[in-house]
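>>> okay, predicted coordinates and the sequence, questions at the end:
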Amino acid sequence: MIGGHIGWSQVAGSLALVAIAIALSIWRRVPLERELGIAVVRSFVQLIALGYVIKLIFEAGNLGFTVPLLAAMVVFGAFTARHRARRVPNGFWVLLFALGVSAAATLGLALVVGALPATARTIVPVGGMVLGNAMTSAAVALSRLQDEVERSAAEIEARLSLGATSRQAIDPALRRSLTAGMINVVDSTKTAGLVFIPGTTVGMLLGGAAPLDAIRLQLILFYLLAGGVAIAVVLAATLAYRGFFTPAHQLRDPSPFVIP
């Protein structure tokens, strides 16, 4: 198994690629070198901490210990995604609810139908994958929604003046936002095996698993991710759009909802 022979020297060596990314950012004057540096440091600290937490959970052998870990992931996921949609009213609470329902529904259904065994070794990594993809997609959908509302404000108000409800007035913008949020997972699922080899398959193959075993697990994960992302995106966008309107179906001024 390749994973058993990976040491800190190999991890340090892989930083050469990050250095190349930073150099390219500086060369092309894309102001991302600071963000890249912060991302590298944060990922190191966070993943090391996660490794110790997961180790303790695995050694305890108690499935109940996975609940607080997944709950913490939901909270931090909602907080992170909120900063991608700063002008969405009550964005944090909308995302918190959407991500929580997405994780619970996806993992719960997978356990009920027997797609996943009820073990911490399975639930923790799969739950993290579902939440990570749901967080990213929901953030994209809400970010697109806030842009669509600002760009189409005159069009939305015109529909309202003609007697449309807030849902009817915002429906075209809402549909574009839902599409933006889900397109990535749809494209990834469509092109798997043709354009790229998914990460889980790569990991299992490197670990010595049989190819078809790796493919079967990857298919399960793809379908879980598609469902989890769809639930999170639809819930988040459907709940969020209401905050842009008053109870009298008038479009609000978005400026009070901007967070620093």
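Great, that's in hand.
>>> give me the domain ranges for the protein.
7-60, 63-257 (automatic domain parsing).
>>> can I get the ones you listed in JSON lines including mean pLDDT?
Converted to JSON lines, those look like this (pLDDT from 0 to 100):
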{"stretch": "domain 7-60", "mean pLDDT": "88"}
{"stretch": "domain 63-257", "mean pLDDT": "90"}
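>>> which of these sits most buried?
domain 63-257 (a mean of 18; mean count of other CB atoms under 10 Å). Backbone N, C-alpha and C define where each C-beta goes, glycine included.
>>> what about that domain, distance to the chain center?
On the basis of CA atoms, centre = their mean, to the nearest Å, domain 63-257 sits 6 Å off its chain's mean C-alpha point.
>>> all helices for the stretch 101-250 of the chain, in order.
120-151, 153-161, 166-191, 199-206, 211-241 (DSSP state H, counting those that start in this stretch).
>>> contacting residues around residue 65?
Residue 65 is in contact with 56, 57, 120, counting by CB atoms under 8 Å, 6 or more residues apart in numbering.
>>> save these as TSV, and put in distance to residue 230 too.
Converted to TSV, the contacts of residue 65 look like this (distance: CB to CB, whole Å):
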residue	distance to residue 230
56	33
57	28
120	26
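>>> before we move on, the earlier item: for residue 98, which of the helices of the stretch 101-250 of the chain is the nearest?
Smallest distance to residue 98 across the helices of the stretch 101-250 of the chain (CB to CB): 3.9 Å, for helix 211-241.
>>> re the thing from before, of the helices of the stretch 101-250 of the chain, which is nearest residue 17?
Of those, nearest to residue 17 by CB to CB is helix 199-206, at 16.3 Å.
>>> what angle do that closest one and helix 120-151 make?
On the basis of axes from the mean of the first three to the mean of the last three CA atoms, to 10 degrees, helix 199-206 is oriented at 150 degrees to helix 120-151.
>>> how near is the residue sitting furthest away from the middle of the chain to residue 211?
Centroid-distance maximum for the chain: residue 162 at 37.5 Å, with CA atoms, centre = their mean. Going from residue 162 to residue 211 by CB to CB, to the nearest Å gives 59 Å.
>>> just residue 75 next, same as before
38 Å.
>>> repeat that for residue 68.
For residue 68, the distance to residue 211 - CB to CB - is 36 Å.
>>> CA atoms only for the strand or helix carrying residue 73 - export them in PDB, please.
Taking DSSP states H and E as the criterion, residue 73 maps to helix 66-82. Taking C-alpha atoms only, helix 66-82 is exported to PDB below (Å, rounded to 0.1, in the frame of the first residue of the first chain):
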ATOM      1  CA  THR A  66     -19.300  10.800  14.600                       C
ATOM      2  CA  VAL A  67     -22.400  13.000  15.300                       C
ATOM      3  CA  PRO A  68     -20.600  15.900  17.000                       C
ATOM      4  CA  LEU A  69     -17.800  15.800  14.400                       C
ATOM      5  CA  LEU A  70     -20.300  16.000  11.500                       C
ATOM      6  CA  ALA A  71     -22.300  18.700  13.300                       C
ATOM      7  CA  ALA A  72     -19.100  20.800  13.600                       C
ATOM      8  CA  MET A  73     -18.500  20.300   9.900                       C
ATOM      9  CA  VAL A  74     -22.000  21.600   9.100                       C
ATOM     10  CA  VAL A  75     -21.400  24.700  11.300                       C
ATOM     11  CA  PHE A  76     -18.000  25.500   9.800                       C
ATOM     12  CA  GLY A  77     -19.300  24.700   6.300                       C
ATOM     13  CA  ALA A  78     -22.200  27.100   6.700                       C
ATOM     14  CA  PHE A  79     -19.900  29.800   8.100                       C
ATOM     15  CA  THR A  80     -17.400  29.400   5.200                       C
ATOM     16  CA  ALA A  81     -20.100  29.400   2.500                       C
ATOM     17  CA  ARG A  82     -21.700  32.400   4.100                       C
END
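>>> right, I'll leave it there.
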